[in-house]
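*Asks:* how does the following fold in three dimensions:
(chains A and B)
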Amino acid sequence: MQHNLELAVKKGFKEIYDKEIDTVEFQATRKDFEGDITIVVFAFLRYVKGNPVEIGTKIGEYLKLNVAEVEDFNVVKGFLNLVISDSFFISSFNSILKTDKFGIIEPKENEKAVMVEYSSPNTNKPLHLGHIRNNLLGYSVAEIIAASGKKVYKTQIINDRGIHICKSMLAWQRFGNGETPESTGLKGDKLVGNYYVKFDQEYKQEIAQLISEGKTEEEAKKQAPLLLEAQAMLLKWESGDAEIVNLWKTMNQWVYTGFDETYKELGVDFDKNYYESNTYLLGKDVVADGLEKGIFYKKEDGSVWIDLTEEGLDEKIVLRSDGTAVYMTQDIGTAIERFKDYDLNELVYTVGNEQDYHFKVLFLILEKLGFDWAKNLYHLSYGMVDLPSGKMKSREGTVVDADDLMLEMTNTARTISQELGKLDGYADDEKEALYKTIGLGALKYYILKVDPKKRILFDPEESVDFAGNTGPFIQYTYARIQSILRKATFDYTVEITSEDISLHSKEISLIKQIQLFPEVIQNAAKNHSPALIANFTYDLVKEYNSFYQTVPILGCENENEKIFRTQLSLKVSIIIKDAFKLLGISVPERM
RNA sequence: GGUGGCAUAGCUCAGCUGGAUAGAGCACCUGCCUUCUAAGCAGGCGGUCCUAGGUUCGAAUCCUAGUGCCAUCACCA
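*Replies:* Numbering: from 1, shown residues only, chains lettered A, B, ... in the order given. As a prediction, the model looks like this:
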């Protein structure tokens, strides 16, 4: 439509003013003016001198005469508002109605894929609210990119080695009395997390003790026996000490079992897991290679660095003096590994904005090393989730636990649903499944509707809303449409044309909103932003509810109108479902 | 101190590549359930778009400087 108009406007300018126009600027007509699409006339003043109203009027007249769909026009200041005919909207809707998976593009064969990394937890503690944001974002962005027409692989790199896990292991050895998830009934990740906290408590006591014996705080922190022991344990692990490796395997397995449960509840999954214990040695040979090429340089003590001062950054270490790898080394190696493992073109890292600098450096290094895909690496950087009390800290127990939070959301959904009491005839297990759908819908929407890069302040005291711009509001609209469709026992598969009906303004608004969906998906994929999908869906639902409340659907006197409105409802519900799927949110048949 | 991000209604957030009188939700106030589910709809109240300059026919949006909050600048991850 826009394309046709653009051509017509260009042609009109040629005929009226004998001028070539490069582009025509369109926007949706604001609600308070008459019309459907607006051409910004100001932009033409570059080509033709004169009064914008006059120019707008001439172009308007030309379009009305030469473009069938343009029924009428009006000019307000420098804005040319065009009224588009019903027949355009009706035939546009008909083709949308016929399109299965409208707006969603299937990945092409033989095209290179995108890998999305998210979650990537440490194995010493349970997942918390921060991980929830990470998981929801990563999962959703992967879904969105897939819907935009690309093959996607979801992955995570599990931080299963290092001093942090040794701390949990040591505390368990010391104070655990052989506790297991089975013996305690605790989820494995919770049990291990408890020992991580236990370590910290005991460690702090030792520090206090040392300070009272006259050490400085700094000395005490470095000399506390527990820490020294944990470090010794790490060395043993690295040398392959059987007992330590066994303990490590056992405790990690506890954690994985716990994580799997949380991931399942949250509704996220992965195509491939990478483990740091397998990758932490990667990248060293690449560093050697880069050293030879002169990209890196060696300091006197043997450590290897890269100088990025010309790029406005610092010098960065890529290999320790003892030859061991740092985080950066490993990330270089892992990235290369992934491009070997899969036929990739892009790689998205879902990691908090505290690591902006790290990724900037990583991408730059890979580019300097000459990997042509380095320009297609993207750090999906998101803001922290803070509590009113400040930052969440696992060691201090000031975290909102992921499992607890999901449970609470389900409980809230249960309470509200029971108060409303609309679920007569539902079996108990159906009800429970529904509470989960609604509770998680509320949580996921709450987190995904905000721009990833902004920080979220989460107040556990104030529960997440279930009314207004929320997940349940949108789910509710879906359920209401399903109710209508259940009652629509007539045949509504026949095609309605502009011969049969004329459109209500609410129907036009609704069709206009529907038309945006494909573009929104592409935009969301390009910007890595589920928030765009959320906002679109909310607008769609608002339009629909207004339509629903204003005009009768099943109660229509006119058969053709009844059919058309049922079709509209059906398509809106499908788009709600598809859009929410991109956010990882499911929709209920009733609520 | 250097670098990066953020700043819009009392609160939580939209605002696409600059375009009309800056939009939603929550909260507060008014109406609407004998009609398709009121987790809804219609309306009201509420704004120096952090500040000051600049570019432009036109700036919440772009540029510069400043202020505030956050992050980051380790042979930690």
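
*Asks:* how about stretch A:32-46: buried residues?
*Replies:* A:35-39, A:41, A:44 (16 or more other C-beta atoms under 10 Å). All C-beta spots, glycine's among them, are computed from the backbone N, C-alpha and C.

*Asks:* how about the residues of the stretch 101-250 of chain A that lie near RNA strand B?
*Replies:* Within the stretch 101-250 of chain A, the positions near RNA strand B by C-beta under 7 Å from any atom of the strand are A:122, A:159, A:162-163.

*Asks:* try 6 Å this time
*Replies:* Counting by C-beta under 6 Å from any atom of the strand, the stretch 101-250 of chain A comes close to RNA strand B at A:159, A:162.

*Asks:* and the helices in the stretch 101-250 of chain A?
*Replies:* A:129-147, A:163-175, A:181-184, A:188-212, A:217-223, A:225-238, A:242-266 (DSSP state H, counting those that start in this stretch).

*Asks:* where does chain A have its least confident helix or strand?
*Replies:* When the helices and strands of chain A are scored by mean pLDDT, DSSP states H and E, helix A:217-223 comes last with a mean of 86.

*Asks:* buried stuff in it?
*Replies:* Applying 16+ other C-beta under 10 Å to helix A:217-223 flags A:220-221 as buried.

*Asks:* what's the burial count for the one residue in chain A that gets nearest to RNA strand B?
*Replies:* With C-beta to the nearest atom of the strand as the measure, residue A:468 is the residue of chain A nearest to RNA strand B, at 2.1 Å. By other C-beta atoms under 10 Å, the residues close to residue A:468 number 8.

*Asks:* pick the most deeply packed of the helices of the stretch 101-250 of chain A.
*Replies:* Highest mean neighbour count among these (mean count of other C-beta atoms under 10 Å): helix A:129-147, with a mean of 25.

*Asks:* angle of that one against helix A:242-266?
*Replies:* Taking axes from the mean of the first three to the mean of the last three C-alpha atoms, to 10 degrees, one finds helix A:129-147 and helix A:242-266 inclined to each other by 60 degrees.

*Asks:* distance between helix A:129-147 and the chain's centre?
*Replies:* Taking the mean of its C-alpha atoms, helix A:129-147 sits 4 Å from the chain's own mean (C-alpha atoms, centre = their mean, to the nearest Å).

*Asks:* for residue A:270, see how far away residue A:2 is.
*Replies:* Using C-beta to C-beta, to the nearest Å, we find residue A:2 at a distance of 40 Å from residue A:270.

*Asks:* right, and the helix or strand after the lengthiest strand in chain A?
*Replies:* If you go by DSSP state E, chain A has its longest strand at strand A:344-352. As assigned by DSSP states H and E, the chain's next helix or strand after strand A:344-352 is helix A:356-368.

*Asks:* tell me where chain A has strands.
*Replies:* For chain A, the strands defined by DSSP E occupy A:26-28, A:37-40, A:70-76, A:79-84, A:113-117, A:152-158, A:272-275, A:297-298, A:304-307, A:315-319, A:344-352, A:377-382, A:385-386, A:456-457.

*Asks:* re earlier: what packs against the least confident helix or strand of chain A?
*Replies:* Helix A:217-223 sits against helix A:188-212, with contacts defined as 3 or more C-beta pairs under 8 Å, 6 or more residues apart in numbering; DSSP states H and E.

*Asks:* mean confidence for the helix it packs on?
*Replies:* For helix A:188-212, the mean pLDDT works out to 92.

*Asks:* tilt between it and helix A:163-175?
*Replies:* Between helix A:188-212 and helix A:163-175, the angle comes out at 80 degrees (the same axes, to 10 degrees).

*Asks:* what angle sits between helix A:188-212 and helix A:225-238?
*Replies:* Using the same axes, to 10 degrees: helix A:188-212 against helix A:225-238 is 130 degrees.

*Asks:* show me how far helix A:188-212 is from its chain's centre.
*Replies:* Distance of helix A:188-212 from its chain centroid, counting by C-alpha atoms, centre = their mean, is 35 Å.

*Asks:* what does stretch A:513-520 give?
*Replies:* On the basis of C-alpha atoms, centre = their mean, stretch A:513-520 sits 19 Å off its chain's mean C-alpha point.

*Asks:* can you check the pLDDT for the residue nearest the centre of chain A?
*Replies:* Centroid-nearest residue in chain A: residue A:137, 2.8 Å away (criterion: C-alpha atoms, centre = their mean). Here the pLDDT value assigned to residue A:137 is 96.

*Asks:* which residues touch it?
*Replies:* Taking C-beta atoms under 8 Å, 6 or more residues apart in numbering, we find residue A:137 in contact with A:118, A:350, A:380, A:382, A:447-448, A:452, A:530.

*Asks:* same thing with residue A:536?
*Replies:* For residue A:536, the contact set (C-beta under 8 Å, 6+ apart) comprises A:513, A:516-517, A:520, A:579.

*Asks:* and what of residue A:338?
*Replies:* When contacts are counted by C-beta under 8 Å, 6+ apart, residue A:338 touches A:115, A:155, A:274, A:344, A:347.

*Asks:* top of these by number of neighbours, please.
*Replies:* Compared across these, residue A:347 has the highest neighbour count, 25 neighbours, by other C-beta under 10 Å.

*Asks:* quick check: bridge partners of that residue?
*Replies:* Using DSSP bridges, the bridge partners assigned to residue A:347 are residue A:115, residue A:377.

*Asks:* that one contacts residue A:377, doesn't it?
*Replies:* Yes - using C-beta atoms under 8 Å, residue A:347 is in contact with residue A:377, at 5.2 Å.

*Asks:* need the overlap of contacts for the two.
*Replies:* residue A:335.

*Asks:* widest-spaced pair of the buried residues of stretch A:32-46?
*Replies:* The most widely separated members of the buried residues of stretch A:32-46, counting by C-beta to C-beta, are A:36 and A:44 (20.1 Å).

*Asks:* any weak-confidence spans in chain A?
*Replies:* The model of chain A has no residue with pLDDT under 70.

*Asks:* thinking residue A:560 is in contact with residue A:500, fair?
*Replies:* Yes - between residue A:560 and residue A:500 there is a contact under C-beta under 8 Å: 4.0 Å.

*Asks:* how distant is the longest strand of chain A from the center of its chain?
*Replies:* Centroid separation for strand A:344-352 versus its chain: 12 Å, with C-alpha atoms, centre = their mean.

*Asks:* quick one, that strand and strand A:377-382 angle?
*Replies:* Strand A:344-352 runs at 30 degrees relative to strand A:377-382, counting by the same axes, to 10 degrees.

*Asks:* need the contact partners of strand A:344-352.
*Replies:* With contact meaning C-beta under 8 Å, 6+ apart, strand A:344-352 is reached by A:112-120, A:130, A:134, A:137-138, A:141-142, A:145, A:150, A:153, A:335, A:338-339, A:359, A:373, A:376-384, A:528.

*Asks:* also stretch A:579-588?
*Replies:* A:136, A:139-140, A:143-144, A:147, A:267-268, A:434, A:437-438, A:440-441, A:444-445, A:448, A:471, A:474-475, A:478-479, A:517, A:521, A:524, A:530, A:533-534, A:536-537, A:540, A:576-577.

*Asks:* mind doing that once more with 6 Å?
*Replies:* For stretch A:579-588, contacts defined as C-beta atoms under 6 Å, 6 or more residues apart in numbering pick out A:139-140, A:143-144, A:147, A:267, A:434, A:437, A:441, A:444, A:448, A:471, A:475, A:478-479, A:530, A:533, A:537, A:577.

*Asks:* now do stretch A:51-58
*Replies:* Here stretch A:51-58 makes contact (C-beta under 6 Å, 6+ apart) with A:16, A:41, A:44, A:75, A:78, A:80.

*Asks:* ok, now with 7 Å
*Replies:* Residues from elsewhere that reach stretch A:51-58 (C-beta atoms under 7 Å, 6 or more residues apart in numbering): A:16, A:41-42, A:44-45, A:48, A:75, A:77-78, A:80.

*Asks:* buried set for that stretch?
*Replies:* A:52, A:55-58.
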